[in-house]
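[1] pasting the structure only:
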């Protein structure tokens, strides 16, 4: 068994595809397939279910992948600590990011981190809350941003997985987005109930549980005519008058022709968390400290005001 085999298993588990895993690891599909079959042969158990539409982990494969994540994280930490002892920082950092945080919140942090740690290989992987949390749990990501839920909605969301540390990184408003000239656009704010009477474009890129919680709290049922992952696609559809939507303020581009954004009534905010495993890599800790320093801390986050250390586990997971 080799570290390379374990890294290949992680990549295949994350991508669900031999070809994409090979591209990510800068190797060939045949090398990936050979490494995994050798690992299965050595362990005496099937790790993958191979199908026409990709591959998935067996129950044994998920167990091995979780253990592989622990092993590879410790190896990376050992290498980074040894490099630090030589006063020559190196290593890598994989950051899992939800799309809305990747629009405006993360880029300046990433730039400052690269400037401060030029020897660290930085990789950013964008996905929904569920995806980045899975990457964090399996070791595919070393640190991640996730949504903590919406203040103002009575419904609660599930807890973050046990063993993760997290703290609020930023708070932003959930806004209604309407086409320019929409009849509701003349108001200073709009109730979710009013939006439920319109064709609704649901975001599937991570905010669906937040939006659903808001609608449930308002006693409303949204008419989801469209389900779209990309925020720019949602805004383009809104601009064409195909429906209305609700998006986090952080996800809105500076220029959005044909789209009018207004607050909800009652106002609703969500919190973006920065989450790490219980034993983070030194580079992950450095990234977290820099991110917290560069980002104004949310004043209303319960129990986690400015200057507090990371705490865990933290409740309030949202998809």
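    That came in fine, so what should we check first? Nothing here was measured: the structure is a model prediction, and the numbers come from that model. Residues are numbered from 1 along each chain as shown.

[2] does the residue nearest to residue 143 when sequence neighbours are not counted count as helix, strand or coil?
    Sequence neighbours aside, residue 284 is the residue nearest to residue 143 in space, at 4.4 Å (criterion: Cβ to Cβ, 6 or more residues apart in numbering). C-betas here are computed from N, CA, C, even on glycine. Using DSSP: H, G, I helix; E, B strand; the rest coil as the criterion, the local structure at residue 284 reads helix.

[3] neighbours of residue 254, how many?
    The local packing of residue 254 (other Cβ atoms under 10 Å) involves 6 other residues.

[4] what segments of the stretch 201-319 of the chain are strands?
    With DSSP state E, counting those that start in this stretch as the criterion, the stretch 201-319 of the chain has strands at 223-228, 245-248, 259-263, 269-276.

[5] okay if I get those strands as a markdown table plus mean neighbour count and distance to residue 180?
    Listed next are these as a markdown table, based on neighbours: other Cβ atoms under 10 Å; distance: least, Cβ to Cβ, whole Å:
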| stretch | mean neighbour count | distance to residue 180 |
| --- | --- | --- |
| strand 223-228 | 15 | 19 |
| strand 245-248 | 28 | 14 |
| strand 259-263 | 19 | 5 |
| strand 269-276 | 24 | 25 |
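
[6] these: which one's closest to residue 120?
    strand 269-276 (15.7 Å; Cβ to Cβ).

[7] what residues sit buried inside stretch 188-196?
    Under the neighbour-count criterion of 16 or more other Cβ atoms under 10 Å, stretch 188-196 has 190, 192, 194-196 buried.

[8] which one of those is nearest to residue 203?
    Using Cβ to Cβ, the buried residues of stretch 188-196 come closest to residue 203 at residue 195, 13.2 Å.

[9] contacting residues for that closest one?
    Going by Cβ atoms under 8 Å, 6 or more residues apart in numbering, residue 195 touches 176, 184, 220, 222, 244, 246.

[10] in helices only, show me those residues.
    Using DSSP state H, no member of the contacts of residue 195 falls in helices.

[11] thinking residue 29 is in contact with residue 17, fair?
    No: Residue 29 lies out of contact with residue 17 (Cβ atoms under 8 Å); the separation is 9.4 Å.

[12] of those two, who's got more company?
    Between residue 29 and residue 17, counting by other Cβ under 10 Å, residue 17 is the more crowded of the two (17 against 14).

[13] who's in contact with that one?
    Residue 17 touches 54-55, counting by Cβ under 8 Å, 6+ apart.

[14] isn't residue 259 right up against residue 241?
    No: contact criterion Cβ under 8 Å: residue 259 and residue 241 do not qualify, at 10.6 Å.

[15] who touches both of those two?
    With Cβ under 8 Å, 6+ apart as the test, residue 259 and residue 241 both reach residue 179.

[16] for the stretch 1-150 of the chain, just list every one of the strands.
    According to DSSP E, counting those that start in this stretch, the strands that the stretch 1-150 of the chain contains are 48-51, 54-57, 91-97, 120-126, 143-151.

[17] least reliable of these by average pLDDT, please.
    For the strands of the stretch 1-150 of the chain, mean pLDDT drops lowest on strand 143-151, to a mean of 77.

[18] distance to residue 237 and mean pLDDT for the strands of the stretch 201-319 of the chain - can I get that in a markdown table?
    Shown next, in a markdown table, are the strands of the stretch 201-319 of the chain (distance: least, Cβ to Cβ, whole Å; pLDDT from 0 to 100):
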| stretch | distance to residue 237 | mean pLDDT |
| --- | --- | --- |
| strand 223-228 | 6 | 91 |
| strand 245-248 | 8 | 93 |
| strand 259-263 | 10 | 93 |
| strand 269-276 | 22 | 88 |
